[in-house]
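# Only the shape, not the letters, is given here:
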Ligand code: FAD
Ligand code: EPU
């Protein structure tokens, strides 16, 4: 059936990225069914070559210029309990679903495992992209499989846990297969009996403030939401993409040397050889916390978050990130890596 593919020329992406940057896409379209997606790809293949960018909620992207290509917004919707066994529910969500709405749905149904990942902006389809994580949990801990469409080879592929090569803010989709696959759905393996994860100190403190007596996954979700709201800016009020940089992971030996010089340095062991350093601390020590120049700034409560006060450009934000990286390197000899996808 012909769905009447419509590519909109010169479309502003301001409403489609959480930095609120007013860049334009040469062509733009959204799809809400597999048929519509396949038809769009056929149509795209008939055009002179131009790059293709898949967009979810635009909450982990920095547009540094207009997109001279086709932007395809994923609007595939639906959730489904597809299977269960003694211990787990297997829940499939379409990629265009809003992540937090999906988390709330699972909490309501009693499907446990996503509660620590409450209130992360963006779509289900992007969740495997950087193995989203917060408050002691990453999606690799609850991931079962995903379905993706191979754009050039025109077929569906299923990826299981081992195929995704998940790491800290990493997966095969972020590097090796960037822009090669369109993730169309993700299936999560969620517990019937919750395994509460309150390892992140701030959660217990918040639960105490909430005077929780008998812990539930809803309580953990509420605590996480309260913590996040207290320090992370809401993109609908202040443009941002969450943490702009990753927390650097260095060897224990290097950490000990740094600790001699900077006794307050904040680091947590990742394993017996590596330590993850709080990039927020490094950036704060370099004097950037609360920095503002024109409409670009470093957030006053969480310096890992770069913000757009209104009319900053992507190039301004990128420049600030470069300046921060340079000063952190000069002071600590540590190279910060950007977490946000630069386009
Ligand atoms: P987008 O920004 O639309 O896309 C991100 C990348 O994935 C792009 O390269 C895009 O091309 C690709 N992509 C998107 N959808 C698909 C698809 N279906 N198939 C293939 N490729 C795709 N992240 C965390 O991990 N933990 C946090 O705690 C966290 N907190 C945040 C707080 C705030 C206030 C904000 C603004 C962001 C935060 N983030 C966090 C980052 C962001 O929410 C996540 O990375 C989220 O998964 C991005 O989803 P999205 O749909 O907006 O992706
Ligand atoms: N810190 C400072 N100064 C500050 C703020 C924090 O020195 O102004 C230090 C404190 O020592 C604090 C530590 O940094 O204990 C860690 O801060 P926080 O708990 O806010 O977490 P984060 O390491 O800055 C990471 C993720 C977040 C995730 C939170 C909670 C990365 C890059 N960021 O932030 O993810 O929500 O932990 O788990 O790993 C994102 O990826 O976009 C994101 C927001």
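Alright, I've got the coordinates. As the structure is a computational prediction, the values presented were derived from the model and not from experiment. Ligands and ions are numbered 1, 2, ... in the order given.
# domain assignment for this structure?
The chain is divided into the following domains under automatic domain parsing: 8-74, 79-231, 239-342.
# Look at the first one and report the distance between its end residues.
For domain 8-74, the first-to-last residue distance is 15 Å (C-alpha to C-alpha, to the nearest Å).
# That one vs ligand 2: in contact?
No: if you take C-beta under 6 Å from any ligand atom as the test, domain 8-74 misses ligand 2, and the best it gets is 7.1 Å. The C-beta positions use only the backbone N, C-alpha and C, and glycine is treated the same way.
# same check, this time on the last one
Yes: using C-beta under 6 Å from any ligand atom, we find that domain 239-342 touches ligand 2 at 242-243, 246-247, 266, 278, 280-281, 284, 289, 302-304, 339.
# For stretch 244-260, what is the distance to the chain centroid?
Computed by C-alpha atoms, centre = their mean, to the nearest Å, the chain-centroid distance of stretch 244-260 equals 23 Å.
# Ok, stretch 46-55 next?
Worked out by C-alpha atoms, centre = their mean, stretch 46-55 lies 23 Å from the chain centre.
# one step back: need the domains of the chain in a markdown table with mean neighbour count, can you?
Converted to a markdown table, those look like this (neighbours: other C-beta atoms under 10 Å):
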| stretch | mean neighbour count |
| --- | --- |
| domain 8-74 | 18 |
| domain 79-231 | 18 |
| domain 239-342 | 17 |
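# Any chance of CSV for the ones you listed, columns mean pLDDT?
Formatted as CSV, these follow (pLDDT from 0 to 100):
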stretch, mean pLDDT
domain 8-74, 96
domain 79-231, 96
domain 239-342, 97
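# and the residue lying closest to residue 267 once chain neighbours are set aside, which of the three is it?
Excluding its sequence neighbours, the residue lying closest to residue 267 (C-beta to C-beta, 6 or more residues apart in numbering) is residue 275, at 4.2 Å. Under DSSP: H, G, I helix; E, B strand; the rest coil, residue 275 falls in the strand class.
# Residue 275 and residue 255 touch, don't they?
Yes: contact criterion C-beta atoms under 8 Å: residue 275 and residue 255 qualify, at 4.2 Å.
# OK, contacts around the residue of the stretch 1-150 of the chain found nearest ligand 2?
Evaluated by C-beta to the nearest ligand atom, the stretch 1-150 of the chain has residue 134 as its residue closest to ligand 2, separated by 3.8 Å. Residues in contact with residue 134 (C-beta atoms under 8 Å, 6 or more residues apart in numbering) are 116, 117, 120, 224, 228.
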